[in-house]
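Colleague: generate a structure from the sequence data that follows.
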Amino acid sequence: MKVGVLSFAHVHAAGYAKLLRGMDGVEVLTSDPDGGSAPAGEVRGSALAERLGVPYAGTYQEVFDWGPDAVVVAAENSRHRPLVELAAKHGVDVLCEKPLATTVEDGEAMVAACREAGVRLGVAYPVRFSPAYAALREAVRGGGTGRVLTVAGANNGRLPADARAWFTDPRLAGGGALMDHTVHIADLLDDLFGDARAEEVYAQTNNLMYEADGVGVETAGLVTVRYDNGAVATIDCSWSHPDHHPTWGGLELQLVGERATVEMDAFGQVVSGFDESRREGVLLPWGSDLDDAMVRAFLHGTRDDSAVQVADGEAGLRSLRIALAGYASARSGQPVRLEG
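Modeller: Predicted structure coming up:
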């Protein structure tokens, strides 16, 4: 199987390339022609490919001339659409980084292009493959919690601009922390609730933590989502972890049902301790590689139809609509209704 990685812009791109390089029966080819426009200090393009030990092509077209079976799009958020449409044009399945796009128009066009070409469009939401989420999902769908009343979710992390400056460029990223982190939990709830749909969004955002540093996008936010099944969810989407926190971030949910309350920590599979030589706390992860599980499911499918599936383009579009409604609400100070 041949798999291309299009762009090294996203912080997860290098991880995808390394995963694919190590998979049996998979050949990988990478390309990052826009890497030269990155700020000084960011390693991209052929230099990053050499560091990762993966083959490199100078243009995206060379990747498609190579004849891939699938591609992973890891470009800046606003540059997803042309690459997804290029994959559709060549009849190639595509796994696209989240969020799907930065506008509903682009997202709808991407979904339509892949549907018309008969290719699969997946969206990279790896937390769907967390064992903790699988247990929570089973508890809810098996009736153990009863009807879901409320969900409190937090997807926090470090300010990502130190690794990739474009995350704080609203033109390329589509926003800041709200765009980056709301969609992960929105997607989990989209999968968890099945046919239930978000109908109203209210959000508040600020930049109090990094205003003095000149960051021009929101770095903290709280998004409240009301669903048509009666559930109400809150999502803390802030870039609130300090620079020297031992992990990049985390994702936690607390779900209250009529019969039980359940909690999950998607990245709780760690051993914690203290390093006396460096005089700092340490966290040593030992758990599942969620990116690996997601990529394998996308490339090879799952044996059990009832198991968690890779988010498709329609699911990616729904989580995008929630994030964009959050921005509209934060601007107006009022709840925003979602159509359909």
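Colleague: how far does the one helix or strand L95 maps to sit from its chain's centre?
Modeller: L95 is located in strand 93-96, with elements delineated by DSSP states H and E. Here the centre of strand 93-96 is set off from its chain's centre by 13 Å, with Cα atoms, centre = their mean, to the nearest Å.
Colleague: right, and the helix or strand after that strand?
Modeller: helix 104-117.
Colleague: please enumerate the helices of the protein.
Modeller: 13-21, 45-52, 60-65, 80-89, 104-117, 131-141, 170-173, 177-192, 290-300, 313-332 (DSSP state H).
Colleague: would you format those helices as JSON lines with mean pLDDT and mean neighbour count included?
Modeller: C-betas here are computed from N, CA, C, even on glycine. Listed next are the helices of the chain as JSON lines, based on pLDDT from 0 to 100; neighbours: other Cβ atoms under 10 Å:
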{"stretch": "helix 13-21", "mean pLDDT": "97", "mean neighbour count": "21"}
{"stretch": "helix 45-52", "mean pLDDT": "97", "mean neighbour count": "17"}
{"stretch": "helix 60-65", "mean pLDDT": "98", "mean neighbour count": "18"}
{"stretch": "helix 80-89", "mean pLDDT": "98", "mean neighbour count": "22"}
{"stretch": "helix 104-117", "mean pLDDT": "98", "mean neighbour count": "18"}
{"stretch": "helix 131-141", "mean pLDDT": "95", "mean neighbour count": "17"}
{"stretch": "helix 170-173", "mean pLDDT": "96", "mean neighbour count": "16"}
{"stretch": "helix 177-192", "mean pLDDT": "97", "mean neighbour count": "26"}
{"stretch": "helix 290-300", "mean pLDDT": "96", "mean neighbour count": "19"}
{"stretch": "helix 313-332", "mean pLDDT": "98", "mean neighbour count": "22"}
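Colleague: want to throw the ones you listed into CSV with distance to S277?
Modeller: Below are the helices of the chain laid out as CSV (distance: least, Cβ to Cβ, whole Å):
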stretch, distance to S277
helix 13-21, 28
helix 45-52, 28
helix 60-65, 45
helix 80-89, 44
helix 104-117, 49
helix 131-141, 32
helix 170-173, 38
helix 177-192, 34
helix 290-300, 31
helix 313-332, 43
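Colleague: was I right about R259 contacting V148?
Modeller: No: contact criterion Cβ atoms under 8 Å: R259 and V148 do not qualify, at 10.3 Å.
Colleague: which positions in the strand holding L95 come out as buried?
Modeller: D93, V94, L95, C96 (16 or more other Cβ atoms under 10 Å).
Colleague: re earlier: so which of R259 and V148 has more stuff around it?
Modeller: Taking neighbours as other Cβ atoms under 10 Å, R259 and V148 compare with V148 leading, 22 against 10.
Colleague: list the contacts of the residue nearest the centre of the chain.
Modeller: For the chain, K98 is the residue whose C-alpha lies nearest the centre (Cα atoms, centre = their mean; 4.0 Å). Residues in contact with K98, defined by Cβ atoms under 8 Å, 6 or more residues apart in numbering, are V123, A124, Y125, V183, H184, D187, G316, S319.
Colleague: quick check, nearest of those residues to P170?
Modeller: Distance ranking of those against P170, using Cβ to Cβ, places V183 first at 16.0 Å.
Colleague: who's the closest spatial neighbour of that closest one, skipping the chain neighbours?
Modeller: S319 (4.3 Å; Cβ to Cβ, 6 or more residues apart in numbering).
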